[in-house]
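> what would the 3D arrangement of this be:
(one chain, ligands or ions: 1)
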Amino acid sequence: MKGLNISLPGLAAIALLAIIPLLPVPPFVITLMDNIGLASLVAIGLVLLTGVGGLTSFGQAAFCGFGAYTTALLTTSYGLSPWLSLPVSLAVGAMCALPLGLITMRLSGHYLPLGTIAWGIALYYLFGQLDFLGRYDGITGIPPLEIAGHRFLDTTSMYYVIWTFVLLLAFGARNLLDSRVGRGIRALRGGSAAAEAFGVNTGRAKLTVFVFAGVAAALSGWLYAHLQRTVNPTPFGLNMGIEYLLMAVLGGAGHIWGAIFGAGIVLLLKELLQRYLPWLIGASGNFEAVFFGILLVAMLQFARDGLWSFVLRILPEKAPKPRAEDGTAPLAKREMPAHGSPLVTLDKARKQFGGLVAVNDVSFEIGAGEIIGLIGPNGAGKSTTFDLITGVTTLSGGQIRLSGRDAGVHRPGDVARQGVARTFQHAKIFPDMTALENAALGAHLRGNAGVMRSFLHTERAEEAQILAEADRQLERVGLAEARDRPAGDLPLGQLRILEIARALALDPNLLLLDEPAAGLRHGEKQQLADLLRKLRAEGVAILLVEHDMSFVMELVDRLVVLDFGTVIAEGDPHKVRNDPAVIAAYLGGVA
Ligand SMILES: Nc1ncnc2c1ncn2[C@@H]1O[C@H](COP(=O)(O)OP(=O)(O)OP(=O)(O)O)[C@@H](O)[C@H]1O
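As a prediction, the model looks like this:
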């Protein structure tokens, strides 16, 4: 199944799913499998939201409620066909996720999951209080699904419907994560700075996963309503929300297939515990909830990557992404500005942190095709200057012009769009992504495929171009052999080089490099110097912060020296190097 990119074990699992109802299994197995399918839909949404996006939600059961009540109401009160109520149920899930996501995402740390608990509880009581939803009695008489006269009345026929949706959602979610949009989502967990520096709108990425998870849960609710043919608030409360989260965590919060695995294990365990715990303990009650609580704590303590990570060890390794076919058209390149034309102008740029002036009325210009060294002792304000130029920090005074225009209050994405790419003093690479995927993130702004195209994988041509560009840049910096390794496995020196490959994938006209040679061996430094010279020859400007003075001196056209946030010297590197003020403030220590 090369076209669909399904592995052999994947095919075997799908085949097994297809024949389960044909096997001589007791009916409760099919009912259990239906419930696992329904829960898998919610858990897949949670994998994107919590496992990948890092946004913990206890409130997903409420979105199942939106999907279930919408179809219950439309099909019983207005006689709408269930198939017509499906898009409405999903739209209601999305429309409710949007404002809830907007509000909840603003919360950070522990407040975010607490926020989801709050609306999880509130919505449960809302469902039970509204007359038109039948209060706590709910809505009965929901019609079954029907296709060409066949009514899906029993658990076995619903089995096929439910699992078809599970597989469609799982493959769609996998496509999404493997795309330009998905790389932006996967970057959310590593902090937003690096992703935003390449134009990822992290706020939108968070909202996307929020809505995706809401829609996935609404789909589960829609199916639930037509399986049970009755709805009431009970399955949409906080208890279920916690259980869904447990499924995602237990399965392996970062893996789509782990979500299905987790849903299976939790529901199977629940079945067994409900059956045997009262018998073992000698009393009846919700003891499985206690067990699940202990299990969740144990998982978080001892197996944070979930059980799927153990399954992955016995499965064959994921095939590396294929290289671009010959003839893949390269991504469009930006027009390089004329040599020497101003790219960035700092005019009395100032940054204060309370009483501390980190950047003190600094003025200098970076012209196209020149390499400028920005040097100074620790704490001189070099990184803050980078942050001012790239819009990470706002100016306290003065002005920064990008390509001659006042940038005003600019954001990192705006700067990236102008062709300014950066690396970070402490390499900000995404360890779970391969080197190739990290580099591809740099080309984020050179594609435009959105969520739907990515979900359906109809952005193949654009994605191939982006990956080909990432491959080209990895080769250019000498990291081609690390292409398919998770970046977390690479040594620090290679991470710095990978950051440069990512920056080059933006097709920059200005590169801001923050200590790129730190951690490199002599030969690697020489290769890096050669690369930077080649880039200059192509018209790329470079602003270089570096403490290795021999590396700086052999490269730069101009030096700007900062001390306590103030420019103490600027100009020809050899003259500046011999400036007594510079020697006293800095070079006395490092030269
Ligand atoms: N967010 C912040 N809040 C308060 N003070 C800050 C902040 N960021 C930087 N500073 C202070 O501003 C000054 C300049 O810091 P900056 O990191 O820009 O220096 P640097 O020249 O890059 O130093 P290094 O070479 O050690 O990275 C330092 O005194 C630092 O402590």
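> so after the one helix or strand residue 257 maps to, what's the next helix or strand?
If you go by DSSP states H and E, residue 257 is part of helix 256-281. Downstream of helix 256-281, the first helix or strand assigned by DSSP H and E is helix 287-302.
> what's the helix holding residue 257 packed up against?
helix 27-46, helix 155-177, helix 238-251, helix 287-302, helix 308-314 (3 or more Cβ pairs under 8 Å, 6 or more residues apart in numbering; DSSP states H and E). Where C-beta positions appear, they are placed from N, C-alpha and C, glycine not excepted.
> tabulate these (TSV), appending mean neighbour count, distance to the ligand and mean pLDDT.
Below are those laid out as TSV (neighbours: other Cβ atoms under 10 Å; distance: least, Cβ to the nearest ligand atom, whole Å; pLDDT from 0 to 100):
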stretch	mean neighbour count	distance to the ligand	mean pLDDT
helix 27-46	24	34	95
helix 155-177	20	33	95
helix 238-251	25	33	90
helix 287-302	13	31	80
helix 308-314	14	36	82
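> picking up where we left off before, quick one: average confidence on the helix holding residue 257?
Average pLDDT, helix 256-281: 89.
> go on, stretch 95-115?
Here the average pLDDT along stretch 95-115 is 87.
> need the residues of the stretch 301-450 of the chain near the ligand, please.
Residues of the stretch 301-450 of the chain lying close to the ligand (Cβ under 6 Å from any ligand atom) are 353, 356, 358, 376, 378-384, 425.
> state the pair within those residues that is farthest apart.
356 and 425 (18.4 Å; Cβ to Cβ).
> thinking again about what came up before, which parts of the helix holding residue 257 are buried?
Across helix 256-281, burial judged by 16 or more other Cβ atoms under 10 Å covers 256-267, 269-271, 273, 277.
> equivalent analysis for stretch 221-230, please.
221-230.
> check stretch 570-581 too.
Quick answer for stretch 570-581 (16+ other Cβ under 10 Å): 570, 573, 576-577, 579.
> circling back: for the buried ones among the residues of the stretch 301-450 of the chain next to the ligand, write the corresponding ChimeraX selection.
The ChimeraX selection below is limited to those of those classed as buried (16+ other Cβ under 10 Å):
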select :358,376,380,381,382,383,384
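> ok, now which ones touch residue 71?
82, 85-86, 88-89, 142, 221-222, 225-226 (Cβ atoms under 8 Å, 6 or more residues apart in numbering).
> now the host helix or strand of it - C-alpha only, PDB.
When elements are assigned from DSSP H and E, residue 71 belongs to helix 60-77. Output of helix 60-77 as PDB, limited to C-alpha atoms (Å, rounded to 0.1, in the frame of the first residue of the first chain):
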ATOM      1  CA  GLN A  60     -13.300  16.700  25.700                       C
ATOM      2  CA  ALA A  61     -16.400  14.700  26.800                       C
ATOM      3  CA  ALA A  62     -18.400  18.000  26.500                       C
ATOM      4  CA  PHE A  63     -17.600  18.200  22.800                       C
ATOM      5  CA  CYS A  64     -19.000  14.600  22.400                       C
ATOM      6  CA  GLY A  65     -22.100  16.100  24.000                       C
ATOM      7  CA  PHE A  66     -22.300  18.900  21.400                       C
ATOM      8  CA  GLY A  67     -22.100  16.400  18.600                       C
ATOM      9  CA  ALA A  68     -24.600  14.000  20.200                       C
ATOM     10  CA  TYR A  69     -27.200  16.600  21.300                       C
ATOM     11  CA  THR A  70     -27.000  18.400  17.900                       C
ATOM     12  CA  THR A  71     -27.900  15.300  15.900                       C
ATOM     13  CA  ALA A  72     -30.400  14.100  18.600                       C
ATOM     14  CA  LEU A  73     -32.200  17.400  18.400                       C
ATOM     15  CA  LEU A  74     -32.100  17.800  14.600                       C
ATOM     16  CA  THR A  75     -33.200  14.200  13.800                       C
ATOM     17  CA  THR A  76     -35.900  14.000  16.500                       C
ATOM     18  CA  SER A  77     -37.400  17.500  16.500                       C
END
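> burial measure for the residue in the stretch 151-300 of the chain positioned nearest to the ligand, as a count.
When you check the stretch 151-300 of the chain against the ligand by Cβ to the nearest ligand atom, the closest residue turns out to be residue 193, at 12.2 Å. Residues contacting residue 193 under the criterion other Cβ atoms under 10 Å number 16.
> and the strands in the stretch 51-200 of the chain?
139-140, 145-147, 150-152 (DSSP state E, counting those that start in this stretch).
> could you measure from the residue of the stretch 151-300 of the chain closest to the ligand over to residue 391?
Applying Cβ to Cβ, to the nearest Å, the value for residue 193 to residue 391 is 11 Å.
> give the residues shared as contacts by the two.
Common neighbours of residue 193 and residue 391 (Cβ under 8 Å, 6+ apart) are residue 412.
> the residue lying farthest from the centre of the chain and residue 568: what is the separation?
No residue in the chain sits farther from the centre than residue 580, which is 49.2 Å out by Cα atoms, centre = their mean. Distance, residue 580 to residue 568, using Cβ to Cβ: 10 Å.
> circling back to that earlier point, so which of the buried residues of stretch 570-581 belong to strands?
residue 570 (DSSP state E).
> the buried residues of stretch 570-581 in helices, which ones?
573, 576-577 (DSSP state H).
> just the closest of those residues to residue 514, please.
Using Cβ to Cβ, those come closest to residue 514 at residue 573, 19.0 Å.
> mind listing what residue 281 touches?
Counted by Cβ under 8 Å, 6+ apart, residue 281 has contacts residue 287.
> and if you look at residue 284?
Contacts of residue 284 by Cβ under 8 Å, 6+ apart are residue 278.
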